[in-house]
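Enquirer: Attaching a predicted model along with its sequence, questions to come.
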Amino acid sequence: MEPVTVVRGTACPIDANDVDTDQIIPKQFLKRIERTGFGPFAFSEWRYRDDGSPHPDFAMNKPEHQGASVLVAGRNFGCGSSREHAPWALEDAGFRAIIAPSFADIFRTNCGKIGVLAVQLGEPVVRQIFDLVAADPSVELTVDLRRQQVSVPAVGQLAGVDAHFDIDPHTRHCLLEGLDDIGLTLQDDDAITAYERTRPGWKPLVPTP
């Protein structure tokens, strides 16, 4: 997992509440055995027409939101099932941070495990970000994990945003250091190896390279 310190870029707005994981990555795409390659199927039922052509009204298909690295969403984002494929799809689609008033707990945890920063801000602040992005889709958001701060410059008469966010200290540490569950375990590789050497011979051993 790559370390996350600052995510800086434009935003793609998904202005809807209670977006569940089946909407993020529909069940028919869960047959893949790799963690990669889900990006083209993210929000597929909203993103594409029945004939497979892109729906021009959906935010991800609009030219002004191409290349966005921040997803801005409504409250209770990622509810529904616990499928890990939902954050996998968003990561594969290019999003490195998601801003919303609230998240489903399991979805937020799954994001942290793959290096996607889930940022919870008050609903009025998120609404202000939606308004800023609508006024100028090219406006650049800065999500600073070290400072735990989201910054968006003013656009015209609209005031900018400079908001603090809270995050679980363990998740913050893992994101900053680029540690997924395997990486955390490997930090204790010497201790694990030493322990395995002392185990009685009749017990199974973990093969070592």
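Expert: That came in fine, so what should we check first? Predicted, not measured: the structure shown is a model, and the values here were computed from it. Numbering: from 1, shown residues only.

Enquirer: Wasn't L132 part of a strand?
Expert: No. Looking at L132 with DSSP: H, G, I helix; E, B strand; the rest coil, it is helix, so not inside a strand.

Enquirer: can you tell me how far it sits from V125?
Expert: L132 sits 11 Å away from V125, taking C-beta to C-beta, to the nearest Å as the criterion. Placement of C-beta: from N, CA and C, glycine included.

Enquirer: next one: G67
Expert: Applying C-beta to C-beta, the value for G67 to V125 is 24 Å.

Enquirer: So the two - more neighbours on which side?
Expert: Neighbour totals were compared for G67 and V125, and V125 leads with 18 against 10 (other C-beta atoms under 10 Å).

Enquirer: where does that one land on pLDDT?
Expert: For V125, the model assigns a pLDDT of 98.

Enquirer: name the element it belongs to?
Expert: When elements are assigned from DSSP states H and E, V125 belongs to helix 123-135.

Enquirer: next one: T142
Expert: Short version: T142 belongs to strand 141-144, going by DSSP H and E.

Enquirer: partner strands of that strand, parallel or antiparallel?
Expert: For strand 141-144, the paired strands and their directions (DSSP bridges) read strand 6-9 (antiparallel), strand 149-152 (antiparallel).

Enquirer: Check the offset of the last one from the chain's centre.
Expert: With C-alpha atoms, centre = their mean, to the nearest Å as the basis, strand 149-152 stands 17 Å off its chain's centre.
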